[in-house]
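**Student:** Dropping a prediction and its sequence here:
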Amino acid sequence: MSSETPPSAGNITGGFEEATTTYDYDYSEPCHKADVRRVGARLLPPLYALVFVCGVLGNTLVVLTLIHCKKLRSMTDIYLLNLAVSDLLFLLTLPFWAHYAAAGEWIFGDVLCKLLTGVYYSGYFGGVFFIVLLTVDRYLAIVHAVFALKARTVTFGLVTGAIAWVVALLASLPGIGFTRLQEEDAHDSCGPYFPLAWRPFHTIMRNILSLVLPLLVMVICYSGILHTLLRCRNEKKRHRAVRLIFVIMVVYFLFWAPYNIVLFLTTFQEFFGLSECKKASHLDQAMQVTETLGMTHCCINPIIYAFVGEKFRRYLAIFFRRHVAKHLCRQCPVFYGEAADRASSACTPSTGEQEISAGL
């Protein structure tokens, strides 16, 4: 059993462990990477804190709005809820990784090391799979509208959602199984220690599931969607849907593709001639930057999958009036009487279906 080369103290999924010394496979002298660790200790905690606060706030609002106003009446609502839950699981681990990066050692024990790694991976893969399911959902609603009336039910959404979580857990097992607590340079580190044969397998699996698969699904589905929308007579609806589809595709790959590429280069750095200490240090720095960039995607999800939708913004305003502002200002009559009644009646069973056909 050999340790995976630790990219950086800030890199979680690629091997979250303290990056002070790395041994090249071809040389006996160590490669010290103290600069990478110091940069991570200074920059990563505030970045993780910002992502945590913004992400938890945004995704919690999505969950509350879906439950209290939309009432989860469509398959789209089910997928949106699960996507928000995936992001929340992912985000809840960030305070621990922030402390790890700042302190330079893991103080939470072996059980939490494995548990938090599992939660992180599950949230990560869950988010990817529900993005794929939302893409397929849009494809069915727009391209096969008649068939979608029967197929896009809440029950089918629950079943496919459960399958997605099972697959996400299965994809997380290698990372969980090989993650453990280990003492390095008199400090405890939490990270994956893959056998040599497992490390490239895990990296390739990640790239296939989180980069290649979503790319294929999006290209196939959105090609059909665009072809259908270009024949649509409603110019406003067509332009809005095309714009949102473009944002979804660009944002996801803009935020996560750099990390997956750097992870692939790091895993196969000998093959690409990047195993020299200086080049390996640059890869470690790139891992810190690209993974932090990828993490911020879970803050963007509430915007591109929910708040871009006109109806969802209305639901959010209704939720705020009924459950927040009303309690903050009990003497304000605007939150009572007819206004509240209109707000309650605005939540209609068919809105989830209308949103998805218009591009959410």
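**Tutor:** Sure, I can see it.

**Student:** All the helices of the stretch 251-360 of the chain, in order from the start?
**Tutor:** Using DSSP state H, counting those that start in this stretch, the helices of the stretch 251-360 of the chain run over 277-295, 297-302, 310-320, 326-328, 337-345, 351-357.

**Student:** mean pLDDT lowest for which of those?
**Tutor:** Between these, the one with the least mean pLDDT is helix 351-357; it has a mean of 41.

**Student:** helix or strand right after the longest helix seen in the chain?
**Tutor:** In the chain, taking DSSP state H as the definition, the longest helix is helix 109-143. Using DSSP states H and E, the helix or strand that follows helix 109-143 towards the C-terminus is helix 145-151.

**Student:** can you give me the helices in the stretch 101-250 of the chain?
**Tutor:** 109-143, 145-151, 154-177, 198-207, 213-229, 235-267.

**Student:** how distant is the longest one from the center of its chain?
**Tutor:** Centroid separation between helix 109-143 and its chain, computed with Cα atoms, centre = their mean, to the nearest Å, is 7 Å.

**Student:** what do you get for the second one?
**Tutor:** How far helix 145-151 lies from its chain's middle: 29 Å, per Cα atoms, centre = their mean.

**Student:** Now do that helix, average pLDDT.
**Tutor:** Helix 145-151 comes out with an average pLDDT of 83.

**Student:** Check which residues of that helix are buried.
**Tutor:** A148 (16 or more other Cβ atoms under 10 Å). (Glycine included, C-beta is placed from N, CA and C.)

**Student:** same question, the fifth one
**Tutor:** Neighbour counts using 16+ other Cβ under 10 Å place 214, 217-218, 221-222, 224-226, 228-229 of helix 213-229 among the buried residues.

**Student:** What average pLDDT does it get?
**Tutor:** Across helix 213-229, pLDDT averages out at 88.

**Student:** Output the below-cut-off pLDDT ranges for the stretch 1-150 of the chain.
**Tutor:** Confidence mapping of the stretch 1-150 of the chain against pLDDT under 70 gives the ranges 1-37.

**Student:** Tell me which stretches of it form strands.
**Tutor:** Using DSSP state E, counting those that start in this stretch, the strands assigned to the stretch 1-150 of the chain run over residues 21-23, 30-32.

**Student:** got the contact list for stretch 112-123?
**Tutor:** Residues outside stretch 112-123 that contact it (Cβ atoms under 8 Å, 6 or more residues apart in numbering) are 12-13, 16, 86-93, 96-97, 106, 108, 165, 168-169, 171-172, 175-176, 179-181, 190, 192.

**Student:** ok, now with 7 Å
**Tutor:** 12-13, 86-87, 89-90, 92-93, 96, 106, 168-169, 172, 175-176, 179-181, 190 (Cβ atoms under 7 Å, 6 or more residues apart in numbering).

**Student:** Filter those down to just the buried residues.
**Tutor:** Neighbour counting by 16+ other Cβ under 10 Å classes 12-13, 86-87, 89-90, 92-93, 96, 106, 168, 172, 175-176, 179-181, 190 among the contacts of stretch 112-123 as buried.

**Student:** Next, count neighbours for V136.
**Tutor:** For V136, the neighbour count with other Cβ atoms under 10 Å is 16.

**Student:** Tell me the spacing between F90 and L226.
**Tutor:** Taking Cβ to Cβ, to the nearest Å as the measure, F90 falls 30 Å from L226.

**Student:** Run through the residues that contact the closest residue to V63 other than its chain neighbours.
**Tutor:** Taking Cβ to Cβ, 6 or more residues apart in numbering, and ignoring the residues beside it in sequence, V63 has A84 as its nearest neighbour in space, at 5.0 Å. A84 is in contact with 59, 62-63, counting by Cβ under 7 Å, 6+ apart.

**Student:** Can you tell me how far R42 is from A101?
**Tutor:** In this view, R42 and A101 are 9 Å apart by Cβ to Cβ.

**Student:** now L158
**Tutor:** Relative to A101, L158 is positioned 38 Å away (Cβ to Cβ).

**Student:** Looking at those two, which is more packed in?
**Tutor:** The residue with more neighbours, out of L158 and A101, is A101; 26 against 14, by other Cβ under 10 Å.

**Student:** isn't the more buried one right up against L44?
**Tutor:** Yes - using Cβ atoms under 7 Å, A101 is in contact with L44, at 4.1 Å.

**Student:** can you list the helices of the stretch 101-250 of the chain in TSV and add distance to C299?
**Tutor:** Listed next are the helices of the stretch 101-250 of the chain as TSV, based on distance: least, Cβ to Cβ, whole Å:
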stretch	distance to C299
helix 109-143	12
helix 145-151	30
helix 154-177	20
helix 198-207	21
helix 213-229	19
helix 235-267	10
